[in-house]
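A.B. asks: Next input, structure requested:
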Amino acid sequence: MFQRVGPAAYKDNLDNTYLLSSYYNNPHRLFRSIHVAGTNGKGSVSHMLAAVLQSAGYKTGLYTSPHLLDFRERIRINGEMIATDDVVAWIEDFREKNESWDMEPSFFELTVAMAFDYFARQQVDIAVIEVGLGGRLDSTNILSPDVSVITNIGFDHTAILGDTLEKIAFEKAGIIKPGIPVVIGTTQPETVKVFNEVAALELAPLFFADQEFKVDYLSSDIEGNQLLSVKKFEEVLFPQLMLDLKGRYQQKNLPPVLKAVELLRQIGWKVSDDQLLNGLANAKRMTGLQGRWQILGYNPLTVADTAHNSEGITEVVNQLKQTPYKRLHFIIGVVNDKDLDKILSLLPDSANYYFTRADIPRALDERELARVAERYNLKGAVYPSVEKAYNAARNYADESDLIFIGGSTFVVAEIL
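C.D. replies: Okay, the predicted model is just below:
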């Protein structure tokens, strides 16, 4: 499993994916889809799109990764996870068939095959499919979707995808298909040329959503739902749009969602403005999204977020600056293939840190994390488990403090 052990589990070709798909009668050809890639925000964008389509009355599949608590989170229809019995039956069937096939698929290849087969058998109207890693060589990239979406490009998985934004963008641009419209969420000087060139080569209509849509924060209601103002080309589109995803950074994820829905409408999908607004107001409830500025408790305010690269951490730190508290207690654990210096240099040196590690082989030792953090004047204590770090923070925090838990998807998973 790449998620647990890192790059050693990554396969850099689609051979098994195509083979598996053919064995299951190419299920990806039996349902319509939206394909979503990007460094940050692709999970949130996928969940928002699924909620909007679900609100419009379509039977909507949603494939995302990784999961936090339950493997079945990866495969949903109208927000409902695939049944345990369906997972077990599919794996038993694969084992039986594989006696003659003699394949050795990766965890991710097998999971994608399961999802696509499930969506086809359940006859979904459309499925929103999140890329696992990169794009060009990702197992999901056998789709021919109605719309492709690339949220943004940042430095993550550089050992696999490349060490420049241009190289990473090329890998993500691998999901651009001939003639299929592609939405870019964030215009970045380093990547515009890459997307323009690939889209031109594939004769794919290209749209930069942040150049069309402008989203401004208005306020939050008592439950933390955001109220946003949306303009398109300076004309007010929605004077007050509610979004139940609480992270302020979701303002950057909204434009590609709105553009993708606009393009879907142009090719015949029926989504009214009321259905669009209802889906966004209830995105978390309808899809089960967790781990994005998720409030776990009050007095003290306790928040978890899965941001785990420099771009994601920057957004989290910005939101922390806008959140009132007396003292900040920061529980952090990371995996061992991240650019530690880049991440730690972004963190506030006024916080009390609780250095820890998730219970996976890929986790960085908490003592090494604390040692590197010292270079950036980040002070705190080390804890051998996430639970012990959390208990310590709870003991030290006052009601007016803030406890933040993050640095890794797996740290958040253990807290949840």
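A.B. asks: Number of residues surrounding A159?
C.D. replies: 10 (other C-beta atoms under 10 Å). C-betas here are computed from N, CA, C, even on glycine.
A.B. asks: er, T60 actually
C.D. replies: 27.
A.B. asks: ok, which stretches of the stretch 51-200 of the chain are strands?
C.D. replies: Assigned by DSSP state E, counting those that start in this stretch, the stretch 51-200 of the chain shows strands spanning 60-63, 75-77, 80-81, 126-130, 147-150, 182-184.
A.B. asks: Need these in a markdown table (columns: distance to F410 and mean pLDDT).
C.D. replies: Below are these laid out as a markdown table (distance: least, C-beta to C-beta, whole Å; pLDDT from 0 to 100):
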| stretch | distance to F410 | mean pLDDT |
| --- | --- | --- |
| strand 60-63 | 20 | 98 |
| strand 75-77 | 20 | 98 |
| strand 80-81 | 20 | 98 |
| strand 126-130 | 18 | 98 |
| strand 147-150 | 26 | 98 |
| strand 182-184 | 30 | 98 |
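A.B. asks: which stretch among these comes nearest F208?
C.D. replies: strand 182-184 (4.9 Å; C-beta to C-beta).
A.B. asks: Which strands border the closest one, and is each parallel or antiparallel?
C.D. replies: Partners of strand 182-184 in the sheet, by DSSP bridges, are strand 147-150 (parallel), strand 206-208 (parallel).
A.B. asks: List of residues touching the first one?
C.D. replies: Applying C-beta atoms under 8 Å, 6 or more residues apart in numbering, the set of residues contacting strand 147-150 from outside is 34-38, 42, 45, 49, 135, 172-173, 175-177, 180-185, 195, 204, 256, 260, 263-264.
A.B. asks: PyMOL command for the buried members of these?
C.D. replies: In PyMOL, this line selects whichever of those come out buried by 16 or more other C-beta atoms under 10 Å:
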select buried, resi 34+35+36+37+38+42+45+49+135+172+173+175+176+177+180+181+182+183+184+185+195+204+256+260+263+264
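A.B. asks: Looking at the contacts of strand 147-150, which are in helices?
C.D. replies: Using DSSP state H, the subset of the contacts of strand 147-150 located in helices is K42, V45, L49, K172, F195, P256, A260, L263, L264.
A.B. asks: who's in contact with the last one?
C.D. replies: Same thing as L264. L264 makes contact with I34, D146, V147, V271, according to C-beta under 8 Å, 6+ apart.
A.B. asks: Please list only the buried members of the residues you listed.
C.D. replies: Among the contacts of L264, those classed as buried by 16+ other C-beta under 10 Å are I34, D146, V147, V271.
A.B. asks: what's across from the third one in the sheet?
C.D. replies: V147 has these beta-bridge partners by DSSP bridges: I34.
A.B. asks: quick one on the thing from earlier: kindly indicate which of the ones in helices among the contacts of strand 147-150 lies nearest F119.
C.D. replies: Checking those against F119 by C-beta to C-beta gives L49 as the nearest, at 14.9 Å.
A.B. asks: residues contacting that closest one?
C.D. replies: Contacts for L49 (C-beta under 8 Å, 6+ apart) come out as I34, V36, V128, V149, V257, A260, V261.
A.B. asks: Distance of W90 relative to P66?
C.D. replies: W90 sits 19 Å away from P66, going by C-beta to C-beta, to the nearest Å.
A.B. asks: ugh, wrong one, E171
C.D. replies: Distance of E171 to P66, given as C-beta to C-beta: 19 Å.
A.B. asks: So if I had to pick from these two, which one is more boxed in?
C.D. replies: E171 (22 against 19).
A.B. asks: pretty sure that one is touching L137, no?
C.D. replies: Yes. Using C-beta atoms under 8 Å, E171 is in contact with L137, at 7.5 Å.
A.B. asks: neighbours of the nearest residue to V236 once chain neighbours are set aside, just the number please.
C.D. replies: With sequence-adjacent residues excluded and distances taken as C-beta to C-beta, 6 or more residues apart in numbering, V236 is closest to S229, at 7.1 Å. Counted with other C-beta under 10 Å, residues neighbouring S229 total 15.
A.B. asks: Assumed S229 was part of a strand.
C.D. replies: Yes. Per DSSP: H, G, I helix; E, B strand; the rest coil, S229 lies within a strand segment.
A.B. asks: and it, what pLDDT?
C.D. replies: At S229, the pLDDT value in this model is 97.
A.B. asks: likewise R4?
C.D. replies: Predicted confidence (pLDDT) at R4: the value is 51.
A.B. asks: Could you export the strands of the stretch 51-200 of the chain as CSV, including distance to L237?
C.D. replies: Below are the strands of the stretch 51-200 of the chain laid out as CSV (distance: least, C-beta to C-beta, whole Å):
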stretch, distance to L237
strand 60-63, 23
strand 75-77, 29
strand 80-81, 31
strand 126-130, 22
strand 147-150, 19
strand 182-184, 16
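A.B. asks: right, and these - which one's nearest G297?
C.D. replies: strand 80-81 (24.7 Å).
A.B. asks: Centre of the chain to the closest one, how far?
C.D. replies: Taking C-alpha atoms, centre = their mean, to the nearest Å, one finds the center of strand 80-81 at 18 Å from the center of the full chain.
A.B. asks: Give the pairing partners of it; include direction for each.
C.D. replies: strand 75-77 (antiparallel).
A.B. asks: So which residues make contact with the strand it pairs with?
C.D. replies: With C-beta under 8 Å, 6+ apart as the contact definition, strand 75-77 has outside contacts at 50, 59-63, 81-82, 111, 114-115, 118-119, 122, 124, 287-288.
A.B. asks: if you set the cut-off to 10 Å instead, what comes out?
C.D. replies: For strand 75-77, the surrounding residues in contact (C-beta atoms under 10 Å, 6 or more residues apart in numbering) are 47, 50, 54, 59-65, 67, 81-83, 86-87, 90, 111-112, 114-116, 118-119, 122-124, 127-128, 286-288.
A.B. asks: Can you select the buried ones from the residues you listed in ChimeraX?
C.D. replies: Here is the ChimeraX command that picks out the buried ones among these, judged by 16+ other C-beta under 10 Å:
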select :47,50,54,59,60,61,62,63,64,65,67,81,82,86,87,90,111,112,114,115,116,118,119,124,127,128,286,287,288
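A.B. asks: Helices - which of the contacts of strand 75-77 land there?
C.D. replies: Among the contacts of strand 75-77, DSSP H puts 47, 50, 54, 86-87, 90, 111-112, 114-116, 118-119, 286-287 in helices.
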